[in-house]
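K.L.:
Sequence and computational prediction follow.
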There are 2 protein chains.
Amino acid sequence: MPYQTDTFNNYVDQHRQRFLDEFRQFVEQPSISANGHGIREMAALVTQRFQALGATVTLYETPGSPIVYAELGPQDAARTLLVYNHYDVQPEDPLEGWNTPPFKMVIEDGVIYGRGTSDDKGELLSRMQAVEVWQQTQGALPVRIKWVVEGEEETSSANLTDWVKANAGMLKADGVLWEGGGYDEVGRPTFGLGGKGIAYFGLRCQGPALDLHSAFAPMVTNPAWRLVWALSTLKDANDAITLDGYMDHVRPLTDEEWARIDAIPMDFEAKRENWGLPAWINGISDHDARRRLFSSPTITICGFHSGYGGEKSKTVLPAEASVKLDFRLVDGLTPDLAHNLLRAHLDRRGFTDITIISYGGEHFAASPPGSLPELAAIAASQDTWDKTPIMFPWYAGSGPIYPLTTLLGNPVVFAGATWHPDSRPHSPNENILVKDYFDSMRFTAAFLARFGAAEA
Amino acid sequence: MPYQTDTFNNYVDQHRQRFLDEFRQFVEQPSISANGHGIREMAALVTQRFQALGATVTLYETPGSPIVYAELGPQDAARTLLVYNHYDVQPEDPLEGWNTPPFKMVIEDGVIYGRGTSDDKGELLSRMQAVEVWQQTQGALPVRIKWVVEGEEETSSANLTDWVKANAGMLKADGVLWEGGGYDEVGRPTFGLGGKGIAYFGLRCQGPALDLHSAFAPMVTNPAWRLVWALSTLKDANDAITLDGYMDHVRPLTDEEWARIDAIPMDFEAKRENWGLPAWINGISDHDARRRLFSSPTITICGFHSGYGGEKSKTVLPAEASVKLDFRLVDGLTPDLAHNLLRAHLDRRGFTDITIISYGGEHFAASPPGSLPELAAIAASQDTWDKTPIMFPWYAGSGPIYPLTTLLGNPVVFAGATWHPDSRPHSPNENILVKDYFDSMRFTAAFLARFGAAEA
């Protein structure tokens, strides 16, 4: 074992209640980047917690949420680790889906409920607390840590890339420990080396100046119909993307990449049951679902809102309609490409009346196998659980991975240790297990030790 | 003049403030059939107002809102008039569109604002007050009146037809005075002889049991996309209905009907400007807009709601999606036909996962020209304003006309005198003019006199 586990574990046990109390404070402080609610307060909490670790903390202002940047550990350490987390959370809606108040931390039967418990406050704080435990029980940190905690991850990190470019020299490192990762359905540590990109757009169409009596429908353009017609040209009823020219840019996977995808032990049947689904899309097999999950770009309607949505009937022709669309990008696609092709596609079909609002985007990014952070994560997994982790070539999800990794030449591993398959990030009843929260501290310690060691 | 206008007008002037106070009471009592809010209280108010006129009033319970039925006037009158109004109103949303609170009656610069002022409380109460004035200034009413005031007109009158069938004998009359009608852009009285039918459906599609992280979109069916794809098969991007077999049932209009439609003096340009529209749908001419308005069946998306609709972005794959669809029916189409063809059309394309909820329907209904109520309305218009009214063969709007007219063999005229072209029924800032409110009383008196007279 690369660190003294007895003293480490004893300290964790002694401070268990305080650690959970600190977690409660993090969870019960809303920090919704979609509407700004509680962002400043949360950034201040994170700053204070870093200061308590003796870190040098700087709050970088951006046009959106501030970025909390901390440095800690010996300046002369052999290796420098960049850690990435975020302090913002998804909006709480739909509120009626929650069994407990979203911004209360409720512990029940070994499960910790609350918005942000899994994404990403549990990971963030358990890692910070692991640093405290290390310092109190092992002494100096085995690496220099550069820690980026941003506040716009849930809204496509609109301001992170510019900040990274302006501070590129400061952010160089020997490797990056990312957020995310966790456990699969049977408790195996499940890590990864990157993620899909994303482009998020709003589509808006304006109809009459006011909601009209629907009797006038024969002669008045209906903005909801306009969006339906436009959307129906982007993907066909078999879910195949028909956006002009888009699929031509997708880089085909190599045999080696398919092999790594096929080798991932994932229980697709359990996922389907968890989600109450009778079948996957178009009735595809688990094998094809897996291949689509990692290899397919998507165009997802995240929201469609227009006109009357209350009880029974209201006979209106809506004044406006709006859609939220999320494009997940595989290698070869970029946010700018998605935007430009979408605009051209709509214009070509006469949908010049549909406005596109860009809510930010992120590039596809994945590190090649065999990097230092990957090797450290594999070793730390064996140290902590005596298990070899599953290693995803990249995740189906997205994050602002590209600027902090590919752009700077920093290899990355996703090796969080708090998420389990029913953690419900972005959904009501988001949760993590108490056990995983404390395991995350032990894993973090092992990772720091392995990353810092010459032979990692 | 068929009644003593001096005494009539003097009484109106003396009681002007009380009449407006009564109107305020009606407008400020919400009565939203879509959610039931205030329905009982409003039915009680209408009942009390009828009782004050000496009417025999019966509250008929239905599975929905109660029907207020009043009889008044001499039992031995030569003719019996059926009057139809409704006491329910549309929901107030979108609330942010209102300049004044929807359930406050605000009078400003000769305009009376508030939900229901035009549709249909102004018409209802000014007619009731006209009966009071007649009784106080002229003596016995010149006709026997059977007055139906229902409370579900805004939700497709789901229970009226059954009630009419159960009380068919009681409801026979020499003619029907309907709600609606009013004035055109230059103040000409504008009446009609019927209306389109309607069928109102909810479409629902269920996806995963919970809102999912949108990363899983490659393998999970998205209910919003399902509805988009299904809808896009019902109408093409040129607004042509493509619902299988549907258009085959539309009865072509006769030359005489086209001629009556073409003869209606309507200012389409003013309408377009009122509504802030650069052009009619597909850039059609005013002439074609008019022809479509009266002759075209419609499938209107009144609402589409699914997933996230807040600020910025939320990366979810929605658990469910729902749409509200309003079909306006021309002659030859019926609510049952629309429902059956829609279900078959969706099933044929594999959309068996889309549920159809029926929110009621009404048949197309129009009386032939030359009936007693039409002649009485034309004469009363000349009496009141010295103007020949414009007479629509039928309106583009709908109402529960069929059961009380065609089904019972009662000819009908729509001859309300409160609506003006910017009255905004179903929209924020619904309003009528103070002048029209009091003119409606004088018109009602003239209509009763003309309808009751042998030579009408």
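P.N.:
Thanks, I have it. Residues are numbered from 1 along each chain as shown, chains lettered A, B, ... in the order given.

K.L.:
who in the stretch 351-456 of chain A is up against chain B?
P.N.:
Within the stretch 351-456 of chain A, the residues that sit near chain B (CB under 8 Å from any CB of the partner chain) are A:359, A:360, A:395, A:396, A:397, A:398, A:424, A:425, A:426, A:427, A:428. To be clear about C-beta, it is placed using only N, CA and C from the backbone, and glycine gets the same treatment.

K.L.:
6 Å - rerun?
P.N.:
Contact residues, the stretch 351-456 of chain A versus chain B (CB under 6 Å from any CB of the partner chain): A:359, A:396, A:397, A:425, A:426, A:427.

K.L.:
Turn the residues you listed into TSV, columns for neighbour count.
P.N.:
Shown next, in TSV, are those (neighbours: other CB atoms under 10 Å in any protein chain shown):
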residue	neighbour count
A:359	21
A:396	23
A:397	20
A:425	24
A:426	25
A:427	24
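
K.L.:
Next step: those restricted to helices.
P.N.:
Among those, no member is found in helices (DSSP state H).

K.L.:
Would you map the helices across chain A?
P.N.:
A:5-14, A:16-28, A:39-52, A:122-137, A:160-166, A:223-232, A:255-262, A:268-274, A:286-295, A:335-348, A:372-385, A:401-404, A:434-452.

K.L.:
So which of these is the most surrounded?
P.N.:
The highest mean neighbour count among the helices of chain A, using mean count of other CB atoms under 10 Å in any protein chain shown, belongs to helix A:401-404: a mean of 26.

K.L.:
and it, average pLDDT?
P.N.:
Averaging pLDDT along helix A:401-404 yields 96.

K.L.:
which other helices and strands contact that helix?
P.N.:
Judged by 3 or more CB pairs under 6 Å, 6 or more residues apart in numbering or on different chains; DSSP states H and E, helix A:401-404 is in contact with helix A:160-166.

K.L.:
which outside residues touch the helix it packs on?
P.N.:
If you take CB atoms under 6 Å, 6 or more residues apart in numbering or on different chains as the criterion, helix A:160-166 is touched by A:67, A:150, A:400, A:403, A:404.

K.L.:
cutoff 7 Å now
P.N.:
Residues outside helix A:160-166 that contact it (CB atoms under 7 Å, 6 or more residues apart in numbering or on different chains): A:60, A:62, A:67, A:150, A:152, A:171, A:400, A:403, A:404, A:407.

K.L.:
Return the residues in contact with the fifth one.
P.N.:
For residue A:152, the contact set (CB under 7 Å, 6+ apart) comprises A:33, A:64, A:65, A:88, A:158, A:159, A:160.

K.L.:
which ones are touching the closest residue to the third one other than its chain neighbours?
P.N.:
In space, residue A:65 comes closest to residue A:151 once its chain neighbours are excluded; the distance is 3.0 Å by CB to CB, 6 or more residues apart in numbering or on different chains. Listed by CB under 7 Å, 6+ apart, the contact partners of residue A:151 are A:31, A:33, A:39, A:43, A:65, A:66, A:67, A:86, A:87, A:88.

K.L.:
what's residue A:290 in contact with, if anything?
P.N.:
Residue A:290 touches A:261, A:266, A:268, counting by CB under 7 Å, 6+ apart.

K.L.:
Compile these into CSV and extend it with columns for pLDDT.
P.N.:
Output for the contacts of residue A:290, formatted as CSV (pLDDT from 0 to 100):
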residue, pLDDT
A:261, 96
A:266, 84
A:268, 91
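
K.L.:
Turn those residues into a markdown table, including distance to residue B:109.
P.N.:
Shown next, in a markdown table, are the contacts of residue A:290 (distance: CB to CB, whole Å):
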| residue | distance to residue B:109 |
| --- | --- |
| A:261 | 70 |
| A:266 | 68 |
| A:268 | 66 |
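
K.L.:
quick one: low-confidence parts of chain A?
P.N.:
A:454-456 (pLDDT under 70).

K.L.:
for it, what's the longest strand?
P.N.:
Longest strand of chain A, by residue count under DSSP state E: strand A:194-206.

K.L.:
Does chain B have contacts with that strand?
P.N.:
Yes. Strand A:194-206 is in contact with chain B by CB under 7 Å from any CB of the partner chain, via residue A:200.

K.L.:
on contacts alone, who are the packing partners of that strand?
P.N.:
When contacts are defined as 3 or more CB pairs under 7 Å, 6 or more residues apart in numbering or on different chains; DSSP states H and E, strand A:194-206 packs onto helix A:223-232, strand A:320-329, helix A:335-348, strand A:354-362, strand A:365-366, strand A:395-398.

K.L.:
can the ones you listed go into a markdown table with extra columns for distance to residue B:104?
P.N.:
As requested, those are exported to a markdown table (distance: least, CB to CB, whole Å):
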| stretch | distance to residue B:104 |
| --- | --- |
| helix A:223-232 | 30 |
| strand A:320-329 | 26 |
| helix A:335-348 | 43 |
| strand A:354-362 | 35 |
| strand A:365-366 | 57 |
| strand A:395-398 | 48 |
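
K.L.:
Out of these, which gets nearest to residue B:251?
P.N.:
helix A:223-232 (25.2 Å; CB to CB).

K.L.:
Against which helices or strands is that closest one packed?
P.N.:
Helix A:223-232 packs on strand A:194-206, strand A:298-307, strand A:320-329, strand A:354-362, helix B:223-232, strand B:298-307, going by 3+ CB pairs under 7 Å, 6+ apart.

K.L.:
Can you add distance to residue B:277 and give the ones you listed back as JSON lines?
P.N.:
As requested, the helices and strands packed on helix A:223-232 are arranged in JSON lines below (distance: least, CB to CB, whole Å):
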{"stretch": "strand A:194-206", "distance to residue B:277": "10"}
{"stretch": "strand A:298-307", "distance to residue B:277": "17"}
{"stretch": "strand A:320-329", "distance to residue B:277": "13"}
{"stretch": "strand A:354-362", "distance to residue B:277": "16"}
{"stretch": "helix B:223-232", "distance to residue B:277": "22"}
{"stretch": "strand B:298-307", "distance to residue B:277": "16"}
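
K.L.:
quick one: which of those is nearest residue B:287?
P.N.:
strand B:298-307 (18.8 Å).

K.L.:
Off-centre distance for that closest one?
P.N.:
20 Å (CA atoms, centre = their mean, to the nearest Å).

K.L.:
Mind giving me the packing neighbours of it?
P.N.:
helix A:223-232, strand A:298-307, helix B:223-232, strand B:320-329.
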